Structure formats: structure tokens, C-alpha cells
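Peer 1: sequence first, then the predicted structure:
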2 protein chains.
Amino acid sequence: MAKSTSSSGTGSRRARPAKPALSLAVIVAAGLELLRQDGIAGLSLRKVAQALDTGAASLYVYLDNFEALHAHMLDHALGEVAIPTDGDWRQKLCGLLRNYLLVLHATPGLGQLAMMTMATGPNALRLLEAQLGLLLEGGLDERRAAWAVDALPLYISAIAAEQDLRRQQTDPLAGITQTLAAAPPEHYPHSHRLQAEMLAGDGEARLSWALDMLINGLIHTPRP
Amino acid sequence: MAKSTSSSGTGSRRARPAKPALSLAVIVAAGLELLRQDGIAGLSLRKVAQALDTGAASLYVYLDNFEALHAHMLDHALGEVAIPTDGDWRQKLCGLLRNYLLVLHATPGLGQLAMMTMATGPNALRLLEAQLGLLLEGGLDERRAAWAVDALPLYISAIAAEQDLRRQQTDPLAGITQTLAAAPPEHYPHSHRLQAEMLAGDGEARLSWALDMLINGLIHTPRP
DNA sequence: GTTCTTTACGAACACTGTTCGTTTGCTTTA
DNA sequence: TAAAGCAAACGAACAGTGTTCGTAAAGAAC
């Protein structure tokens, strides 16, 4: 996909990768690589610059903000989301959303980044158009599809962000589990009884159920 | 609820509020006040300490982390979410979720904070129990209710976080609107045609529709 | 009165995003 | 060829951030 280092064809004439000429694409790639390694907490302009063997100030030729880096990184990642072509509309829509979550899930912190950044790049637009097409293909009226296309990816992003949150804390058991265990069963009977059930199921099963739930809700809820 | 300032009974003997004796409750209150004024970007340990007329290091007696402050602030805010008592189960559940969004919406940045923090305080548990009770009252089986109680507040939090994001950027028009306007209509026909429709409706109407959609989906989607 | 523990605080450390002034290297002119 | 212009790159500095450490003060327990 991405161009390999230009100097690697004829053999590198330096020990270091010959300083890849600093462009927006290279900056974004370095940012995503850094995110992949250190997560959202380890992502910083200075470290991106350091990975590119330059100073932080040099990046401001290509970026207005740190937030702009976020936006470019997100949209670049969104370019990896495949749009299904086989099956009926529902299978294709579920597949698209599943691929979206897959991409967010592939690099740690990307889900959180998606919730911190307005997705407004060309790839976001591409996914928007595809989702609208699939919803209309499914027979939904335009007004419903227009609102659904906001709700669906928002929910998927929230799932990814939540799982990122769970991943980045040292002890995933320390969360709600301790609270539930310490809660007096006579005051919180449902929470106590369903404790195990709430944590049951792997990510795949829960996602499939959630997607079904969303689309079923969509079908059964006309717009006011 | 919280103890009032102990020195206020006999009258303050200093010009300044007599240094309110530094407790977790006071720190959390100051943090929420700071959030209310400056949003999530303006929230910092040092500013909270400054508002309490002390240094940042002093807060570490009551807090392990900056993240711990987040958690306590979130749970304190969650204490303001009212649990409806009138109407059938569906009205009560919708009311609860609406109140939840209302609270997140009331102070800027709280929605983002809710997506950055695991809600694991006593008030989160209280809301969890209430939601479980209402779902079971509605006739949902326990396995479905157990998963729904994770999905529902997550989606509401995502809505709040998204609106916080929209609020904190100077120009709310600058988002997807520009991208849509610049997109060639022949390549993105649906996006172009439904441009206005996607932004239509106020927050109330969209929330009501979203809640209906979620609950309808819940009803029509059995667990695997 | 003397210990011991909790609470408070100042100074310092290692970071962060961002800005400013300057230097470099290439391209376009004269 | 030489001069001028210009965008890109860079180093230093600024105003912040969370967190840690050593050290005081203030009570409580003996």
C-alpha cells in the first residue's frame, strides 16, 4: 500500500533510513505507528517529530494543530475500512460497520481518537455515502437514513473507545467487577444476580447482537 | 448531602472563604466548577488546587491520579440523575436516559469525561440497578437486560461527547458541512441530496427518536 | 513530653503543544 | 552567472501539564 522508503531500492547509503523527506503522509504514518506502539497516552507531536528525526516545530508546516494530526490520522485509518459488496443490504451494512470497528480495534487508542475528533476527511465521506446507499437499498425512507447514518458509526466508535479504555488500564477486573462484588445484594439485587451475565460473551457475539439490535430498531422506528 | 463548611456556623473570621479544610468533596466540587467554566481543556490539577488556594501536591492526599479526580467528578455528577417513578416501564426508562443526557449536557466537557472514564462509583451502580429493574419490569429476559444495560448508557454518553466536541470548536459549521459542500455531487449523490436532512432536527427530537430506536431494537432482538 | 501518623506544601523533574526568529536550500528572476 | 525571493526546516524558549520527593506542621496516642 504505502510507498516503501525510496532509498531501499538501490540500497541505503546511510545508517539511518535517509530522512524520508517530511510530508503530511509521512507524518501521519509516523503518528499511526506511534499510536500502534504506545497507545493514545504515548502519542505526542514531539515523539512523532523524533521518529522522523526532526523537531516538533518542523511539523507545523504541514499541520495547524495537534488536533489536525488527529484528524488526518483518523481519516487515513478510515481508508482501510472495506465496503462489502456481497449479500443483501443488511449483510453489507453489518459488514461495513464490523469492518469499521475492526479498523478502530486494530490500533490501540484509535477508538478514543475517533471520539475525540470530528471525522471530516474524504474517507469519512466515502463511508457516509456507502452507508446511505445501503440504508436506502434496504428500503428505509430518506429522512430515517439521514439520521441513522449519524447514529450507527457513533455507536461503533463508542464501543471501540470503551474497549480502548478497558485495554489501557492495568487490571481489567478492577472496573465494575469490584463495585459489584462490594455492593450489598439486598440493595442491588438485579446487579448482584446478573453480575456474571453482564460480562458474558466475547466481543464478536456482543457486536453482532448490538448491530442486529440497532438495525432492527431502525426498521421499527419511523421518524417523527 | 455533603457537609457544609464547618467554619460557616460561627461566622468566617477571614476575608477569604476561610480555606474550606480540603476534603475529597471540596476537591470534586472545585473540579466540577472549573469544568463548568472552562470545559475539559481548562481542567487541570493545578487549577483545581489554585481554586482551593493550595498547591497541586496537596491534592494527592485524597487522589491517586488525575484520572481518579475524573472518576470522582463523574460519579458525583451522576448523583444528580433523577430516576423517574411515574408512567410505564418504557416511559420511565426513557426518562432515566434522558435525565442522564441532561446531566451530561449541563456542564460542558462532562460528556467527554464520561467517555474517558470508567463509571464505577456508587451512583453508577445506583443507575445500573435502576435500569436493570426497568428492563425486567418491561418483560425483557435477564440475559438481554444484562447486555442492554451496557449498550444504553454507552450510546447516551457518546451522544453527549459528540455534542461536547461540536461545542468546543469555534465554528460548528466547519465540520462535515464543508466536506459535503465541497464533495462532487456525481460521486456522492446521497450525501449531497440528504445534506440538509442529516443536520435537521433539534437535540430533543433526535434524542427521542434515538431512544425509541434503541428500545424498539431491544424488544425485537433476542439474545443468541 | 515524646513518639507516631496524617495532612499540607514548596521545589523540582520530565514532559506537553505552540510560537518566534533565524537559517537552509531551492527556484525564479535580472 | 548572480541576485533575489520564498517555502521549508530548525533550535530555543514559553507557559503550561501530572507526578514525586523531602520536609515541615498539626494532632493523636502512649
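Peer 2: That came in fine, so what should we check first? Bear in mind that the values here come from a model prediction, so they are computed numbers and not experimental data.

Peer 1: now for chain A, the helix or strand with the poorest mean pLDDT.
Peer 2: Lowest mean confidence among the helices and strands of chain A (mean pLDDT, DSSP states H and E): helix A:176-182, at a mean of 87.

Peer 1: against which helices or strands is that one packed?
Peer 2: Where contact means 3 or more Cβ pairs under 8 Å, 6 or more residues apart in numbering or on different chains; DSSP states H and E, helix A:176-182 is packed against helix A:195-198, helix B:122-137. For the C-beta atoms, the positions are set from N, CA and C on the backbone; glycine is no exception.

Peer 1: and that helix, what's buried?
Peer 2: A:Ile176, A:Thr177, A:Thr179, A:Leu180 (16 or more other Cβ atoms under 10 Å in any protein chain shown).

Peer 1: shaky segments in chain A?
Peer 2: Within chain A, the ranges that satisfy pLDDT under 70 run A:1-19, A:172-173.

Peer 1: try 80
Peer 2: A:1-21, A:170-175 (pLDDT under 80).

Peer 1: in it, which residue sits furthest out from the middle?
Peer 2: A:Glu186 (39.9 Å; Cα atoms, centre = their mean).

Peer 1: near DNA strand D, which residues of chain A?
Peer 2: A:Ala21, A:Leu22, A:Thr54, A:Gly55, A:Ala56, A:Ala57, A:Ser58, A:Tyr60, A:Val61, A:Tyr62 (Cβ under 7 Å from any atom of the strand).

Peer 1: which residues are in contact with the residue nearest to the fourth one when sequence neighbours are not counted?
Peer 2: Ranked by Cβ to Cβ, 6 or more residues apart in numbering or on different chains and with sequence neighbours excluded, the top spatial neighbour of A:Gly55 is A:Ala49, at 5.6 Å. Contacts of A:Ala49 were listed using Cβ atoms under 8 Å, 6 or more residues apart in numbering or on different chains, and they are A:Gly55, A:Ala56, A:Ser58, A:Leu59.

Peer 1: how about A:Gln91?
Peer 2: A:Pro84.

Peer 1: right, and the helix or strand after the helix or strand hosting it?
Peer 2: Assigned by DSSP states H and E, A:Gln91 belongs to helix A:89-106. Downstream of helix A:89-106, the first helix or strand assigned by DSSP H and E is helix A:110-116.

Peer 1: touching chain B at all, that following helix?
Peer 2: Yes: using Cβ under 8 Å from any Cβ of the partner chain, we find that helix A:110-116 touches chain B at A:Gln112, A:Met115, A:Met116.

Peer 1: mind giving me the packing neighbours of the lengthiest helix in chain A?
Peer 2: Longest helix in chain A by number of residues (criterion: DSSP state H): helix A:142-168. With contacts taken as 3+ Cβ pairs under 8 Å, 6+ apart, helix A:142-168 sits against helix A:89-106, helix A:110-116, helix A:122-137, helix A:203-220, helix B:110-116, helix B:142-168, helix B:195-198, helix B:203-220.

Peer 1: in a markdown table: those, plus distance to B:His76.
Peer 2: Listed next are those as a markdown table, based on distance: least, Cβ to Cβ, whole Å:
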| stretch | distance to B:His76 |
| --- | --- |
| helix A:89-106 | 30 |
| helix A:110-116 | 22 |
| helix A:122-137 | 35 |
| helix A:203-220 | 30 |
| helix B:110-116 | 11 |
| helix B:142-168 | 16 |
| helix B:195-198 | 36 |
| helix B:203-220 | 24 |
